[in-house]
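> what follows is a predicted structure for the sequence shown.
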Amino acid sequence: MREIKITDDIFWVGVNDRTTDLFEGLWPIETTGISYNSYAIKDQKNVLIDLAKAFKTDDYFDQISNIFPFADINYIILNHMEPDHTGVIKTLRMLSPRAEIVCTPKAVPLLKDYYGITEGIRPVNDGETLDIGSRTISFHHVPFVHWPETMVTYDPKTKVLFSCDAFGGYGALQGALFDDEYPNMVFYEKESLRYYANIVAKFATPVLNAIKKLSSIEIACIAPSHGLVWRKSPARIVELYRTWAEYGTTGGEKGVTLLYGSMYGNTEIMMNAVAEGISSAGVCPEIFDVARNHPSYMLPALLVNKGVAVGAPTYEVSLFPYMRNILEKTALKNIKNKKAVYFGSYGWSKGALKKTRELTEPLDWQFIGDLEFAGGADSFAVKKGFELGRLIAEAASR
Ligand code: FEO
């Protein structure tokens with residue numbers, strides 16, 4: 001097997017996953033895949049940084065054995081305990097019983113809870129260092145990026161930051177490891193945004209805190225545990241993460257996410273009128289049928305666009321269930337500070353608008369208009385729908 005080098009003595013020993021359908025059992029990756037990046041440093045002390053999901057373990061362990069014998073591994077650094085990075089630890093422990101596990105103090109109970117491991121652990125404090133021969137690597141706690149126990153590891157010799165989930169993205173590696181080797185950055189940036197919106201968005205403040213904390217470190221290369229290694233433009237992925245994390249305060253960019261669901265076509269007729277109103281104001285709506293799109297793909301639009309149009313009928317005195325699902329996911333991911341409008345049809349009872357407001361109440365969404373209509377959308381109502389579209393487009397353009 002070909003060695004994949006980050007630098008002369010740092011190697012990528014990760015796994016590409018193209019067969020898992022749902023990441024975290026939730027988020028579709030069947031068309032994009034994901035990588036579990038793991039790194040080996042060959043020095044006077046041999047080090048593994050982050051591991052992989054318990055998946056394709058022969059492939060994973062073969063790569064490590066090409067770099068150094070298992071008996072010669074001195075340290076296993078676990079930046080983060082989620083099982084996509086630790087799933088092979090019990091097997092690795094059997095292969096390398098003398099290797100010390102390096103992690104934050106908060107990771108120690110998780111090692112016991114997930115894997116029954118209680119010995120051979122070296123908890124490290126924020127800023128603590130470890131001499132491994134020709135360099136002294138350092139550990140920097142970044143709580144809640146993505147779990148409370150998370151840290152990053154820095155190698156001052158090569159200026160590589162091993163950032164784990166931070167600055168990661170969906171997308172299995174497609175024959176290239178580095179950002180300067182792969183020509184389609186649109187794919188990785190889009191999949192990094194989807195990953196951010198699905199996995200990290202709830203922790204926007206910790207992300208901004210981590211970026212601020214790491215700004216004092218000279219970084220030549222960002223080696224996350226998912227997706228590309230950013231060697232040419234490490235600042236690019238940091239800036240993208242900063243921008244996405246700041247949307248919670250700025251509200252996002254000019255644009256409207258138009259979510260709709262329709263039982264018999266009446267709310268869909270109104271949706272078309274709202275879309276025409278949005279377009280007439282010079283804004284391209286991003287339209288999603290909530291019954292036919294997975295929340296994974298709607299959350300990035302909701303994060304980025306300043307405006308949201310929620311179009312859904314009343315269903316059993318409440319909100320159309322698929323709309324309820326995406327709004328609950330939006331609340332879970334703390335996608336805040338939007339301008340919003342509601343429209344939708346009702347039959348024997350209203351209820352959808354009330355539930356929409358209730359679900360988004362913790363998110364500081366400002367509802368600037370609504371249009372509940374009984375039964376079908378007559379021409380008068382459709383005209384009002386057009387005006388509602390203009391209203392949200394103008395609010396989302398400021
Ligand atoms: Fe990639 Fe939070 O684990």
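Done, it's in.
> going by C-alpha atoms from here, please, whenever you check contacts or count neighbours.
Fine.
> can you name the residue of the stretch 251-398 of the chain nearest to the ligand?
Lys333 (14.3 Å; C-alpha to the nearest ligand atom).
> helices of this structure, residue ranges please.
In the chain, the helices defined using DSSP state H lie at 57-67, 83-86, 89-95, 107-115, 185-195, 204-214, 234-250, 266-280, 295-304, 321-332, 352-360, 379-395.
> which other helices and strands contact the third one?
What it means is helix 89-95. Taking 3 or more C-alpha pairs under 8 Å, 6 or more residues apart in numbering; DSSP states H and E as contact, there are no helices or strands that helix 89-95 lies on.
> want to throw the helices of the chain into JSON lines with mean pLDDT?
As requested, these are exported to JSON lines (pLDDT from 0 to 100):
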{"stretch": "helix 57-67", "mean pLDDT": "96"}
{"stretch": "helix 83-86", "mean pLDDT": "98"}
{"stretch": "helix 89-95", "mean pLDDT": "97"}
{"stretch": "helix 107-115", "mean pLDDT": "98"}
{"stretch": "helix 185-195", "mean pLDDT": "97"}
{"stretch": "helix 204-214", "mean pLDDT": "98"}
{"stretch": "helix 234-250", "mean pLDDT": "97"}
{"stretch": "helix 266-280", "mean pLDDT": "98"}
{"stretch": "helix 295-304", "mean pLDDT": "98"}
{"stretch": "helix 321-332", "mean pLDDT": "98"}
{"stretch": "helix 352-360", "mean pLDDT": "98"}
{"stretch": "helix 379-395", "mean pLDDT": "96"}
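> follow-up on the earlier one: Val229 versus the closest residue to the residue of the stretch 251-398 of the chain closest to the ligand other than its chain neighbours, what's the distance?
Excluding its sequence neighbours, the residue lying closest to Lys333 (C-alpha to C-alpha, 6 or more residues apart in numbering) is Lys202, at 4.4 Å. Lys202 sits 24 Å away from Val229, going by C-alpha to C-alpha, to the nearest Å.
> the two - which one has more neighbours?
Legend: neighbour count by other C-alpha atoms under 10 Å for Lys202 and Val229, higher for Val229 (28 against 22).
> just list whatever residues bridge to the more buried one.
Assessed by DSSP bridges, Val229 has beta-bridge partners Phe178.
> what residues are up against the residue of the stretch 151-300 of the chain found nearest the ligand?
In the stretch 151-300 of the chain, the residue that lies nearest the ligand is Asp165 (5.0 Å; C-alpha to the nearest ligand atom). Asp165 makes contacts with 145-146, 224-226, as judged by C-alpha atoms under 8 Å, 6 or more residues apart in numbering.
> out of the residues you listed, which sit inside strands?
When these are checked against strands (DSSP state E), the matches are Pro224.
> from the contacts of Asp165, which are also near the ligand?
His146 (C-alpha under 6 Å from any ligand atom).
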